[in-house]
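# sequence plus predicted model, see below.
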Amino acid sequence: MELISAPDPQWETLKKYAVIPTVDLIIEWGDKGILFVRRKVEPYKGLWAFPGLRVYKPEDIPDAIRRVAKSQVGLDVSGCIAIPLGQFVGKFKDRQDISAGYYVKLLDTDQHIQLNADHLAAYEFFKDVPEGTGSMYAHFFEEYLKLKHGEISKIEL
């Protein structure tokens, strides 16, 4: 499948006028905890985050999840189950994203993490939200904890 993305000049215009769909992954790695990555790029530059990227045409959600896991942290999540955690609208100075968060329990923990050096500076496993975590990722971690306790998230209108 050939992924379609706007060239840089058009991409800058799109970010200014359109809401960008993204997926972010809470990857649970056995007893180690949740995989957090430190971002090198905006938004959330320098903060702890989860692997995530925008969704491209003509991807569906499973395609995007597999691509994000592979291209951001070098992990094969084929055969895993992705559980939706909800959405988060990230509002920034020059863009607005709507991210769908997914919980993925990694089945093959013998894999080695390979960070996308252009996007990510470091990784660590945590069982709680570390200081210096972006607000969207803290939100998704709270949703993950609710899921683990059998709660269903609701949105008050």
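Sure, I can see it. Residues are numbered from 1 along each chain as shown.

# how far away is N116 from Y144?
Counting by C-beta to C-beta, to the nearest Å, the separation of N116 from Y144 is 22 Å. In short, each C-beta sits where N, CA and C put it, glycine included.

# wait, E156
Remark: distance between E156 and Y144 (C-beta to C-beta) = 20 Å.

# which residue of those two possesses the greater neighbour count?
Neighbours per residue (other C-beta atoms under 10 Å) separate E156 from Y144, with Y144 holding more: 21 against 3.

# you'd agree that one is in a helix?
Yes: remark: Y144 belongs to a helix, assigned using DSSP: H, G, I helix; E, B strand; the rest coil.

# quick one, what contacts it?
I26, I34, L85, G101, Y103 (C-beta atoms under 8 Å, 6 or more residues apart in numbering).

# immediately after the helix or strand hosting the third one, which helix or strand?
It stands for L85. With elements delineated by DSSP states H and E, L85 resides in strand 82-91, which encompasses its position. Scanning the chain past strand 82-91 towards its C-terminal end, the next helix or strand to appear is strand 96-105 (assignment: DSSP H and E).

# can you name the element that comes right after that following strand?
Immediately after strand 96-105, counting by DSSP H and E, sits strand 120-126.

# any buried residues in that following strand, and which?
Along strand 120-126, these residues count as buried under the neighbour rule (16 or more other C-beta atoms under 10 Å): L120.

# and what of stretch 75-91?
Judged by neighbour count using 16+ other C-beta under 10 Å, the buried positions of stretch 75-91 are L75, V77, C80, A82, L85, G86, Q87, F88, G90.

# what does stretch 88-105 give?
Going by 16+ other C-beta under 10 Å, stretch 88-105 has these buried residues: F88, G90, R95, D97, S99, A100, G101, Y102, Y103, V104.

# could you tell me the end-to-end distance of that stretch?
21 Å (C-alpha to C-alpha, to the nearest Å).

# quick check: which ranges of the chain have low pLDDT?
Under the criterion pLDDT under 70, no range of the chain is flagged.

# list the contacts of R95.
By C-beta under 8 Å, 6+ apart, R95 lies in contact with K15, K16, I20, P43.

# about what we covered before: make JSON lines out of the buried residues of stretch 88-105 and add distance to E59.
Supplementary listing: the buried residues of stretch 88-105 in JSON lines, determined by distance: C-beta to C-beta, whole Å:
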{"residue": "F88", "distance to E59": "19"}
{"residue": "G90", "distance to E59": "20"}
{"residue": "R95", "distance to E59": "20"}
{"residue": "D97", "distance to E59": "16"}
{"residue": "S99", "distance to E59": "15"}
{"residue": "A100", "distance to E59": "12"}
{"residue": "G101", "distance to E59": "17"}
{"residue": "Y102", "distance to E59": "14"}
{"residue": "Y103", "distance to E59": "19"}
{"residue": "V104", "distance to E59": "16"}
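
# good, wrapping up.
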